[in-house]
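A.B. asks: Structure for this input, please:
(chains A and B)
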Amino acid sequence: MAISVDAPDVSENLRRQRGYTFLFLSDPKADVIRRYELLHARGGPEGTDISRPAEFLIDRSGTVRWENFTEDIRVRPRADELLAAAHAIR
Amino acid sequence: MADATRKRSLAIWIGLLLTVLGTLSNGLPFIGFPAAPVPWISLLVSLIGFVVVLVGLWRTFGQSTVYKGKVSGSIAAAFSLLFLAGAIVFFWTARHIPAESATAPQLGQRAPDFTLPDSTGHSVSLMQLFSDSAGKEPHKALLLVFYRGYW
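C.D. replies: Numbers count the residues shown, from 1 in each chain, chains lettered A, B, ... in the order given. From the prediction side, this is the model:
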């Protein structure tokens, strides 16, 4: 699932446009983003608070099994890394 | 010596092209290109381009019997410097993510549960996704992708 500060209708447009089938969750006040300590203050357009890019793979018990934080907005995790971690979860 | 026998320094124009391409390649991740090695390569290409321009310019001014195009060469060099500056600025601003995330959930720790509306406005709770599966096999794992938003 994808989480951002975008309003539900913005995410719904994006989801339809690109044909994504996973969930998009809206955190407009960045409450959850703050709880995960991912706030990029004034990082968005017009100085709004947004989330830094970060990914967490969690198992059924809610335990983090793989995670990624980028230092550079252009550098994102590679799918093979993530898939290896996902395959390790039984 | 007659102008016809003097040539333009090709290095200046190849260098300028490299600087421009290097700088523009910073945009590749935004059109879906896998980005992991690109930031360094982009900066390096721009930098090499600028060095090539300088070599060409040095030749043009140093061997004016062989090369022509001092004015156009200087203008090209100025543009090349401008693109290199842009590449450097972009390199540093894209890297600058001020969030520390020191207390973010770590490997082996519990990810905090939460409830948020999905894109159709329905409330979704993280841990409920592992139990409610409407007759389907329950999820073994979930991937949370926090992203900057779409604009």
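
A.B. asks: Now do the contacts for A:R65.
C.D. replies: A:L57, A:I58, A:D59, A:A85, A:A88, A:I89, B:L107, B:A141 (C-beta atoms under 8 Å, 6 or more residues apart in numbering or on different chains). For glycine as for every other residue, the C-beta is placed from the backbone atoms N, C-alpha and C.

A.B. asks: Now do the SS call for the nearest residue to the fourth one once chain neighbours are set aside.
C.D. replies: In space, not counting the residues next to it along the chain, A:A85 is nearest to A:W66; the distance is 3.5 Å by C-beta to C-beta, 6 or more residues apart in numbering or on different chains. When states are read from DSSP: H, G, I helix; E, B strand; the rest coil, the local structure at A:W66 comes out as strand.

A.B. asks: average pLDDT for the helix or strand containing A:F56?
C.D. replies: Secondary structure assignment for A:F56, by DSSP states H and E: strand A:54-59. For strand A:54-59, mean pLDDT is 94.

A.B. asks: Name the residues that touch it?
C.D. replies: Identification of contacts with strand A:54-59 by C-beta under 8 Å, 6+ apart yields A:36, A:38, A:64-70, A:77, A:82, A:85-86, A:89, B:101, B:104-105, B:111, B:126, B:140-146.

A.B. asks: and if we set it to 7 Å?
C.D. replies: By C-beta atoms under 7 Å, 6 or more residues apart in numbering or on different chains, the surrounding residues in contact with strand A:54-59 are A:38, A:64-69, A:77, A:82, A:85-86, A:89, B:105, B:111, B:141-146.

A.B. asks: check contacts around the residue nearest the centre of chain B.
C.D. replies: Closest residue to the average C-alpha location of chain B: B:N26 at 2.6 Å, with C-alpha atoms, centre = their mean. Residues in contact with B:N26, defined by C-beta under 7 Å, 6+ apart, are B:S42, B:A87, B:F90.

A.B. asks: Parallel or antiparallel, list what pairs with the strand holding A:F56.
C.D. replies: Here strand A:54-59 is paired, per DSSP bridges, with strand A:64-69 (antiparallel), strand B:141-146 (antiparallel).

A.B. asks: distance of B:L10 from B:L144?
C.D. replies: 52 Å (C-beta to C-beta, to the nearest Å).

A.B. asks: So if I had to pick from these two, which one is more boxed in?
C.D. replies: B:L144 (21 against 12; other C-beta atoms under 10 Å in any protein chain shown).

A.B. asks: Quick check: bridge partners of the residue nearest to that one when sequence neighbours are not counted?
C.D. replies: Spatial nearest neighbour of B:L144, excluding adjacent residues (C-beta to C-beta, 6+ apart): A:F56 at 4.4 Å. In this entry, A:F56 is beta-bridged to A:E67, B:L144, by DSSP bridges.

A.B. asks: re the thing from before, and the strand holding A:F56, how far out from the chain middle?
C.D. replies: 9 Å (C-alpha atoms, centre = their mean, to the nearest Å).

A.B. asks: isn't A:L39 right next to A:V32, touching?
C.D. replies: No - using C-beta atoms under 7 Å, A:L39 makes no contact with A:V32, being 10.3 Å away.

A.B. asks: Which pLDDT value does the model give residue 48?
C.D. replies: Since no chain was named, I'll use chain A. At A:T48, pLDDT is 91.

A.B. asks: oops, chain B please
C.D. replies: On the pLDDT scale, B:I48 gets 95.

A.B. asks: Number of residues surrounding it?
C.D. replies: The number of residues packed around B:I48, counting by other C-beta under 10 Å, is 14.

A.B. asks: Roughly how far does B:A85 sit from A:L57?
C.D. replies: Distance, B:A85 to A:L57, by C-beta to C-beta: 40 Å.
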